[in-house]
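Peer 1: Below is the structure, and that's it, no one-letter string:
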C-alpha cells in the first residue's frame, strides 16, 4: 500500500471502534452486524492484495488473513442468526 501506515491503521481502527460502539449500544441491531461483515470483506480484499511473494511480511499477512476469515465466519453466523429473530423493541 502506498498510504501512510499510521493513517491506514487509524482508519481501520476507527471503523472497528464505530461498529463496536454501535453493537454495545444495541447488540440486536442486525444492520450493524452486516456492516461489520462488509468491513471484514474489505479487510480480506486488502490482505489478499498484500499476499504477494515479493512482500517480506507475507507470513504476517497470511496469519492476519486467516484470523480475519475466521472472524468473518463468526460475524456472518451472528448476523444471519440475528436476521431471523423478530425484534419486539423499536
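Peer 2: Received the coordinates, thanks. Fair warning: this is a prediction, and the values are worked out from it, not measured in the lab.
Peer 1: what about this protein, any weak spots by pLDDT?
Peer 2: Low-confidence segments of the chain, defined by pLDDT under 70: 1, 87-90.
Peer 1: Mind checking which residue lies nearest the centre of it?
Peer 2: By C-alpha atoms, centre = their mean, the mean C-alpha position of the chain lies nearest to residue 40, the distance being 2.8 Å.
Peer 1: Contacts only, for that one.
Peer 2: 68, 71-72, 75 (C-beta atoms under 8 Å, 6 or more residues apart in numbering). Any C-beta I mention is one placed from the backbone N, CA and C, and that applies to glycine too.
Peer 1: So which of those residues are in helices?
Peer 2: Mapping the contacts of residue 40 onto helices (DSSP state H) picks out 68, 71-72, 75.
Peer 1: Drop anything exposed from the residues you listed.
Peer 2: Among those, the ones that count as buried by 16 or more other C-beta atoms under 10 Å are 68, 72, 75.
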